[in-house]
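Chemist: sequence and predicted structure below; questions after.
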Amino acid sequence: MNREELLKLHEELCKEALNLMKRKNHDYAGNEGVQPFANFERCEAMGICATEQGMLVRIVDKLSRLSTFVSCGKLQVENESYKDAIVDIINYCVLLYGFTQQKESPNTVEYTVSSSQYLAE
């Protein structure tokens, strides 16, 4: 794989992650989408852990699946591939960033680098 192929792969994975997030967030945040972090905030509302910690737990779950894949070369759950775990990690990282940005500045979210800017560099 050369650099251009890698950057194209990055673009495709991120596009897939975005499309998945749109669908899943609709299901978790409701039709109006006014609470995009609602399912993550529930762990805090239930007194289990902070919202951010709940997000990190989900990332660690996915990393555990990837660790198993790297060690064994396969996963037993056939309808969820290692690629699915990678896409989920991308989305959990975006959610974590978005949530922390919202907490720091509730009325604005900082968008610093777009994917097209990244690919142009």
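Modeler: Okay, I see it. The structure displayed is predicted, hence computed values, not measured ones. Residues are numbered from 1 along each chain as shown.
Chemist: please make it C-alpha for all contacts and neighbour counts, starting now.
Modeler: Fine.
Chemist: where does the chain have low pLDDT?
Modeler: Along the chain, the model assigns pLDDT under 70 to residues 31, 108-121.
Chemist: run the last query once more with 50
Modeler: 113-121 (pLDDT under 50).
Chemist: what helix or strand does residue 24 sit in?
Modeler: For residue 24, the host element (DSSP states H and E) is helix 3-29.
Chemist: after that helix comes which helix or strand?
Modeler: From helix 3-29, the next helix or strand downstream (DSSP H and E) is helix 38-45.
Chemist: flag every buried residue along that following helix.
Modeler: Under the neighbour-count criterion of 16 or more other CA atoms under 10 Å, helix 38-45 has 38-41, 43 buried.
Chemist: does anything pack onto whichever helix or strand comes after that helix? Which helices or strands?
Modeler: Counting by DSSP H and E, the next helix or strand C-terminal to helix 38-45 is helix 51-72. Judged by 3 or more CA pairs under 8 Å, 6 or more residues apart in numbering; DSSP states H and E, helix 51-72 is in contact with helix 38-45, helix 82-104.
Chemist: does anything pack onto the shortest one? Which helices or strands?
Modeler: Same thing as helix 38-45. By 3+ CA pairs under 8 Å, 6+ apart, helix 38-45 packs against helix 3-29, helix 51-72.
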